[in-house]
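>>> Here you go, sequence then predicted model.
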Amino acid sequence: MMTPKPRHFWLSVLVLGCLAGALAAQTAAPPAAPSPACGPDHAIIYKRAVSLLDSAEKKLNSKYTAEAKALLKEANALFTILTKECGPSQAERLLTEKELQQEAINKKLSEDALAQSERLLKTAADKEKQAEQLERQGKDEASLALQCQAKAEYELAHLQAVKAQLYALRNQQMIFQYLRK
């Protein structure tokens, strides 16, 4: 019989999944076979991905983290398609100085949000352990208070991980913006 994993385990898995998605969105894999030229279909995919990013940002700002995460996952899938199919034509296009600066800003914001998420996960796990110790000592009120704090920190960690993915995908938006024309 398997024992249930603690909440912080699953949140750690979730944060790592978001990180993997964000990193996958930033990494362009070379196509295995010759890819078709980017055309109107790719422009439609790009516009849909940007629309999903905008919706995800609104959901995130309104504290609908789970919905934002789902939208980001879909946007990531679309940008992955663009990376695979439009990678060669995109590689020929050089980013402007302003785009390079924005790319660096988005990357820094993504890294900072992810680092904050990891810090929050660690402190939440520590609070959860302290709460368990207090509960064993019969200090139920103090234990409950720490459990509530840990839960709030887990939620903030999740929010920061989703924000990190959003910033990473904003770079993809910028890289493929030539398709909107």
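Structure's in. What do you need? Numbering: from 1, shown residues only.
>>> For the helix ranked longest in the chain, name the packing helices and strands.
Once the chain is assigned using DSSP state H, the helix that runs over the most residues is helix 97-136. The contact analysis (3 or more Cβ pairs under 8 Å, 6 or more residues apart in numbering; DSSP states H and E) places helix 97-136 against helix 7-26, helix 140-175. In short, each C-beta sits where N, CA and C put it, glycine included.
>>> If you average pLDDT over each of those, which is lowest?
When the helices and strands packed on helix 97-136 are compared on mean pLDDT, helix 7-26 scores lowest, with a mean of 52.
>>> which residues touch the helix or strand just after that one?
Taking DSSP states H and E as the definition, the helix or strand that follows helix 7-26 towards the C-terminus is helix 40-61. Contacts to helix 40-61, defined as Cβ atoms under 8 Å, 6 or more residues apart in numbering, come from residues 65, 67-69, 71-72, 74-75, 78-79, 81-82, 85-86, 159, 162-163, 166, 169-170, 172-173, 176-177, 179-181.
>>> Please name every helix or strand in contact with the very next helix or strand once past helix 40-61.
Next helix or strand after helix 40-61 toward the C-terminus (DSSP H and E): helix 65-92. Packing contacts for helix 65-92, counted by 3+ Cβ pairs under 8 Å, 6+ apart, involve helix 7-26, helix 40-61, helix 140-175.
>>> For helix 65-92, list every residue counted as buried.
Of all the residues in helix 65-92, those buried under the rule 16 or more other Cβ atoms under 10 Å are 65, 68-69, 71-72, 74-76, 78-80, 82-83, 85-87, 90.
>>> With stretch 148-156 instead?
By neighbour count with 16+ other Cβ under 10 Å, stretch 148-156 contains the buried residues 149-150, 153-154, 156.
>>> Among these, which one sits closest to Lys127?
Looking at these and their distance to Lys127, the nearest is Ala150, at 4.0 Å (Cβ to Cβ).
>>> The closest one: what's its closest spatial neighbour, skipping adjacent residues?
Nearest in space to Ala150, with sequence neighbours left out and distances taken as Cβ to Cβ, 6 or more residues apart in numbering, is Lys127 at 4.0 Å.
>>> Distance check, that neighbour against Glu153.
Using Cβ to Cβ, to the nearest Å, one obtains 7 Å as the distance from Lys127 to Glu153.
>>> Glu67 now?
21 Å.
>>> cool, Ala168 as well?
Relative to Glu153, and taking Cβ to Cβ, Ala168 is found at 23 Å.
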